[in-house]
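Asks: Need a 3D model of the sequence below.
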Amino acid sequence: MSEVGRGAGRLLVAVYAVFALSASSRAGLQLATEFDRAPVAYLLSAVAAAVYLVATVALARGARRLAWATVLFELVGVLVVGTLTVVDAELFPDQTVWSAYGAGYGFIPLVLPVLGLLRLRATR
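Replies: So this is what the prediction gives:
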């Protein structure tokens, strides 16, 4: 395990792994069974799942550039999608992982990239 993934970083990697699994499961089910209902929302959930998966691997393996890029992309995604869903909820007929800044997941999607960036900065 890399320096980023040691100590407190192990917990961070574990949370990313849980989110990768949960977002992948949710997106897979939604895409397979309800795609016509809210395709943009479900595709965004699939993007979030992919981001969580790549971030998990990058943080665990110490692929710093990839981790920085992925976690920054995640933060921008949470902020943009979160803002859009708060300003105009009708844009997304169903929730995404990042809707309302991750409110459906206890706001962890908003906090997680901040913690990831702080960990990457602390271990350089």
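Asks: same for whichever strand or helix holds Val76, what does it pack against?
Replies: Secondary structure from DSSP states H and E places Val76 in helix 64-87. Applying 3 or more C-beta pairs under 8 Å, 6 or more residues apart in numbering; DSSP states H and E, we find helix 64-87 packed against helix 39-61, helix 108-122. Glycine gets a C-beta too; all of them are placed from N, C-alpha and C.
Asks: pLDDT (mean, whole number) over it?
Replies: Helix 64-87 shows a mean pLDDT of 96.
Asks: Can I get it in PDB, CA atoms only?
Replies: Output in PDB follows, covering the C-alpha atoms of helix 64-87 (Å, rounded to 0.1, in the frame of the first residue of the first chain):
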ATOM      1  CA  ARG A  64      -0.800  10.500  -7.200                       C
ATOM      2  CA  ARG A  65      -1.500  12.300 -10.500                       C
ATOM      3  CA  LEU A  66      -4.400  10.000 -11.200                       C
ATOM      4  CA  ALA A  67      -5.600  10.400  -7.600                       C
ATOM      5  CA  TRP A  68      -5.400  14.200  -7.800                       C
ATOM      6  CA  ALA A  69      -7.200  14.300 -11.100                       C
ATOM      7  CA  THR A  70      -9.900  11.800 -10.100                       C
ATOM      8  CA  VAL A  71     -10.600  13.400  -6.700                       C
ATOM      9  CA  LEU A  72     -10.700  16.900  -8.200                       C
ATOM     10  CA  PHE A  73     -13.100  15.700 -10.900                       C
ATOM     11  CA  GLU A  74     -15.200  14.200  -8.100                       C
ATOM     12  CA  LEU A  75     -15.300  17.400  -6.200                       C
ATOM     13  CA  VAL A  76     -16.300  19.400  -9.300                       C
ATOM     14  CA  GLY A  77     -18.900  16.900 -10.100                       C
ATOM     15  CA  VAL A  78     -20.500  17.000  -6.600                       C
ATOM     16  CA  LEU A  79     -20.500  20.800  -6.700                       C
ATOM     17  CA  VAL A  80     -21.900  21.100 -10.200                       C
ATOM     18  CA  VAL A  81     -24.500  18.400  -9.900                       C
ATOM     19  CA  GLY A  82     -25.400  19.300  -6.400                       C
ATOM     20  CA  THR A  83     -25.900  22.900  -7.400                       C
ATOM     21  CA  LEU A  84     -28.000  22.000 -10.400                       C
ATOM     22  CA  THR A  85     -30.200  19.700  -8.400                       C
ATOM     23  CA  VAL A  86     -30.800  22.400  -5.700                       C
ATOM     24  CA  VAL A  87     -31.400  25.200  -8.200                       C
END
